[in-house]
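Colleague: Fold the following.
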Amino acid sequence: MKSTQKEDEFSGEKKEEEDCSTFSDGNSDQPFILPGVPLNLLHMGGMIPGHCLPITCGSSNQTNTETNSTPTTEIYKRNCLCTHTQKQFVSGVIITIAMGAVWVGFTHFGKNTYTDSFSAPLVVVYFYTSWMVVFYPVYITIAYIVARGSVELKQLCRESIMIYKEEEFKPLRFSVRTIIFCFVWTIGNYSYIRALRLLGAMDVIALYATNQSFVYMLSWIVLFEKFIAIRILAMIFSITGIVLFAYADGFGSPNMWGVVLAVTSASAASVYRVLFKKFIGEEASLGKVSVFLSLIGFGNLLCLWPFIILFYLTKTETVDWSVLPWTPLCASAVLATVHQFLSNYSGVITFSIFLEMGLLFGIPLCAIADLVWRNAQFPGMKVSAAVLIEIGLLLIVLPEGWHTYVMRLCRCLRQEPNPVTSAGSNELPRPSRFEWRNTTY
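Modeller: Coordinates of the predicted model:
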C-alpha cells in the first residue's frame, strides 16, 4: 500500500514536471508555460503575442494539459518557439537600418544636386515626386496576378478608390483633400531640399527628426489622443535641440535660415502625418495607400510645372538645362521611392515601432558620412543639440509605459527563486508594494 502511494506521488510529480515543460507551436492558441514566473511580471504591453506569454505552473486556478509528445518533438517545439515574433523583430531591425541608410543617401544625393549651374530645389522635388505615380499600377498588377483571376480588376479598383474615411465618393471633397495633401507634401519637401544648400546633411536630418514631437503635439490637440507626460519631456528636448542648432549657426546669419527651413519641413511632415491619420487612418489597406501615393505623385506632376517655369523666369532658381546633374537627381529619386515603399508597406511584416526608428539610426550614420566624405566639423553645441533631439525622438517612439515594463523585468531578473515555490507549492509569491494594484489572486 505504501509503495503504491509513493508511486502515485512520484508519477504526480513527474506529470507536473512534464506539464511545466510543455511548449506549444507558433500556430496554436495555447500559451507556453514557464514555471515559477507570474504572468504580470513579463507581460510587455502587447509587444509579445499571446501565444508567447509565460504563465505560472502549479496555480490552483490553472489547468495544465498533458502531452504525450516524444523528447525529440519537445526539443523541436522549444527551438521553434516564438518563431513568428522573432522573425518580426529581425525584420524590424533590418528595416530600421535600411530606412536610416536610405534616408541618409537621399539627403546626401539631394545636397549633391547643388552645382554652379544648377540650384533648383523645386525641380528636384518635382522630379522625385513624379516617380510615386508608379505605386498603384505596380500594386494592382501584382494583386491581380496573385489573385489568379478570382477577383475582377474592376472590383480591385473599386475597393481601393475609397481612400478617405467617407461612406460615399464625393468628387469635390475628394479633390480638395488631395490638393491639401499635395500642397503640404510640396512645402515639406521643398523646405528640406532648400535647407540642404545652407546646412550640412546631419544638421538637416537632426532638425527634421523633430517632426515626431510635432506629430504627438498635433495628435493630442487635433485627434484628442491620450496625454502622456513623458512625451512632453521629449518635446522639450526637441525644442531645446532646435534652439541650440540656431545658436551654433548664429542668430541672424544665413545659416539660421537653413534651421528655419528644416524646422518648416519637420512641421509640414507632422501636419501631413496627422492629416493622414485623420482622413485615411493608420489601418488603411495596401491598395488605398498605393492609390494615395500615386495621387500625390500625379498631383505634383500636374500642378508644379507652372511654378518651375515661374521660378526659372524670375531667376529664383538657377537651371542650365544642358548640364543637369542626372546622377544625383536619379539617385535621390530612387532612394526617395524606396523610402516611401519601406515606410508604407513594411508594416505588414514587422512592428510599427521599427518604422519610426529609422531617423534614430540615420542621425549618427549621417554624421559618420559627413566626417568621411565631406570632412565636416561638428562643434560641441551641435553635438549636444543632436543628442538632445535623439533622446527626444527615442522617448516619442518608445511605447506607452515602457519604463514600467523595464522596471518590472529588472526586478524579475534580480528576484531569486523561492525554494518553497519551486518545490511545487500552489501559492503565488506575494507582490512587492509597487505592484499590488495590478495583481489579483
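
Colleague: all helices for the stretch 251-400 of the chain, in order.
Modeller: Across the stretch 251-400 of the chain, reading from the start of the chain, the helices by DSSP state H, counting those that start in this stretch fall at 254-279, 286-303, 305-313, 326-345, 352-355, 358-373, 380-397.

Colleague: Run the angle between the last one and helix 358-373 for me.
Modeller: If I follow you right, that is helix 380-397. Our comparison of helix 380-397 with helix 358-373, counting by axes from the mean of the first three to the mean of the last three C-alpha atoms, to 10 degrees, yields an angle of 160 degrees.

Colleague: Return the list of helices and strands in contact with helix 380-397.
Modeller: Applying 3 or more C-beta pairs under 8 Å, 6 or more residues apart in numbering; DSSP states H and E, one finds that helix 380-397 contacts helix 201-208, helix 211-222, helix 229-249, helix 358-373. Quick note: C-beta positions are derived from backbone N, CA and C, even for glycine.

Colleague: Between those, which one is closest to Val102.
Modeller: helix 358-373 (8.0 Å; C-beta to C-beta).

Colleague: Keeping just the C-alphas, turn that closest one into PDB.
Modeller: What follows is helix 358-373, C-alpha atoms only, in PDB (Å, rounded to 0.1, in the frame of the first residue of the first chain):
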ATOM      1  CA  GLY A 358      14.800  55.000 -39.000                       C
ATOM      2  CA  LEU A 359      15.800  58.600 -38.200                       C
ATOM      3  CA  LEU A 360      17.100  57.500 -34.800                       C
ATOM      4  CA  PHE A 361      19.700  55.400 -36.700                       C
ATOM      5  CA  GLY A 362      20.000  57.800 -39.500                       C
ATOM      6  CA  ILE A 363      21.400  60.800 -37.500                       C
ATOM      7  CA  PRO A 364      24.600  59.100 -36.300                       C
ATOM      8  CA  LEU A 365      25.000  57.400 -39.700                       C
ATOM      9  CA  CYS A 366      24.800  60.700 -41.500                       C
ATOM     10  CA  ALA A 367      27.300  62.300 -39.100                       C
ATOM     11  CA  ILE A 368      29.800  59.500 -40.000                       C
ATOM     12  CA  ALA A 369      29.100  60.000 -43.700                       C
ATOM     13  CA  ASP A 370      29.800  63.800 -43.300                       C
ATOM     14  CA  LEU A 371      33.000  63.100 -41.500                       C
ATOM     15  CA  VAL A 372      34.300  60.600 -44.000                       C
ATOM     16  CA  TRP A 373      33.200  62.100 -47.300                       C
END
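
Colleague: Quick one: neighbours of Gly362, just the number.
Modeller: Other residues lying near Gly362 total 28 when counted by other C-beta atoms under 10 Å.

Colleague: looking at the helices of the stretch 251-400 of the chain, which has the lowest confidence?
Modeller: Here the helices of the stretch 251-400 of the chain differ in mean pLDDT, and the lowest is helix 352-355 at a mean of 80.

Colleague: Can you list the buried residues in that helix?
Modeller: Buried positions in helix 352-355, judged by neighbour count with 16 or more other C-beta atoms under 10 Å: Phe354, Leu355.

Colleague: rewinding a little: out of the helices of the stretch 251-400 of the chain, which is closest to Ala98?
Modeller: The stretch from the helices of the stretch 251-400 of the chain with the least distance to Ala98 (C-beta to C-beta) is helix 326-345; that distance is 6.2 Å.

Colleague: so what secondary structure elements neighbour that closest one?
Modeller: Using 3+ C-beta pairs under 8 Å, 6+ apart as the contact criterion, the neighbours of helix 326-345 among helices and strands are helix 83-112, helix 121-130, helix 286-303.
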